[in-house]
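**Student:** Pasting the sequence and the predicted model now:
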Amino acid sequence: MVYIACMMAPNSQPVGRPREFDLDEAVKRAMQVFWDRGYHDASLPDLLAGMKLSKGSFYKAFGDKKSVFLHALKLYTEDGLRNVQEVLRSDPSPKAAIRNALIRYADLSSGSKGVRGCFAVLTAAEMLPGDPDIADLIKRLFARLQDLFAATVAKGQAAGEIRNGRDPRVIAHFIVAHAQGMRILGKVGSRRDDMLKNIDLLMETVF
């Protein structure tokens, strides 16, 4: 946890009221507001209520709305990458690990989670191509996802589980495109069973 607090020299008197709150938790709460309302429709009162901060604490910690949004998007992308990496490392079989990762995407793309959608994808639809800061974060997210899948594909090829006829990065790009497509289809209520059938088809066709 990271805490924001006023710094005081030894034996000095406090100047004003110290700010103490969990910065990570405040950013997570802001993320929920942006996720539900989008960047442009999330007002300052919405953020202050969602983050449980005063206006003064908000401005001292983050400076402006754009800054807290970038913090939230970075937190989301790092958490998502970490989760994918954990799944890809969870099975000794690279091929099985890739399928498990795709099933996780199907789970995230089903039911209420599916209808809510992917924060990064929603942000891309709302903010790109006009915002270079956000474009950079999202491009890096998808590039790092491709790196994770490419490394797993290469491992599977070395083990003889996956055919060697294709470039691992091309396969990884296809997997990432399919995974994000599931997130978009989840917004319109696509069924998990249908997604699982598509995953089976992908595994049979590509591997």
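**Tutor:** Sure thing, it's come through.

**Student:** Show me the strands in the chain, by range?
**Tutor:** Secondary structure of the chain (DSSP state E): strands located at 3-4, 21-22.

**Student:** least reliable of those going by mean pLDDT?
**Tutor:** Among the strands of the chain, strand 3-4 carries the lowest mean pLDDT, a mean of 36.

**Student:** centroid residue for the protein?
**Tutor:** Thr77 (3.3 Å; C-alpha atoms, centre = their mean).

**Student:** show me the contacts for it.
**Tutor:** Applying C-beta atoms under 8 Å, 6 or more residues apart in numbering, we find Thr77 in contact with 120, 137-138, 140-141. C-beta here means a position set from N, CA and C on the backbone, and glycine is covered the same way.

**Student:** now Gly186
**Tutor:** Contacts of Gly186 by C-beta under 8 Å, 6+ apart are 108-110, 113-115, 117.

**Student:** And for Lys65, the neighbour number?
**Tutor:** For Lys65, the count of nearby residues is 17 (other C-beta atoms under 10 Å).

**Student:** residues near Ala26, how many?
**Tutor:** Residues within reach of Ala26, counting by other C-beta under 10 Å, total 24.

**Student:** any idea how far it is from Asp46?
**Tutor:** 14 Å (C-beta to C-beta, to the nearest Å).

**Student:** ok, now Lys55?
**Tutor:** According to C-beta to C-beta, Lys55 stands 13 Å off from Asp46.

**Student:** What of Glu126?
**Tutor:** 16 Å.

**Student:** likewise Phe21?
**Tutor:** From Phe21 to Asp46 the distance is 18 Å (C-beta to C-beta).

**Student:** Would you check that Met195 makes contact with Leu185?
**Tutor:** Yes. With contact defined as C-beta atoms under 8 Å, Met195 counts as touching Leu185 (7.5 Å).

**Student:** any shared contact partners between these two?
**Tutor:** Counting by C-beta under 8 Å, 6+ apart, the residues touching both Met195 and Leu185 are Ser109.

**Student:** Show me which of these two is the more surrounded one.
**Tutor:** Per other C-beta under 10 Å, whichever of Met195 and Leu185 has more neighbours is Met195, with 23 against 18.

**Student:** What sits closest to that one if chain neighbours are left out?
**Tutor:** Ala106 (4.0 Å; C-beta to C-beta, 6 or more residues apart in numbering).

**Student:** Let me know how buried the one you found is, in neighbour terms.
**Tutor:** 24.

**Student:** Next: the one 10 residues further on.
**Tutor:** Neighbouring residues of Arg116 were enumerated by other C-beta under 10 Å; the total is 15.

**Student:** gap between it and Asp36?
**Tutor:** 8 Å.

**Student:** Could I get the phi/psi values of Asn164?
**Tutor:** The phi and psi values for Asn164, taken as degrees, to the nearest 10, are phi -90, psi 0.

**Student:** List the contacts of it.
**Tutor:** Taking C-beta under 8 Å, 6+ apart as the test, what Asn164 contacts is Gln157.
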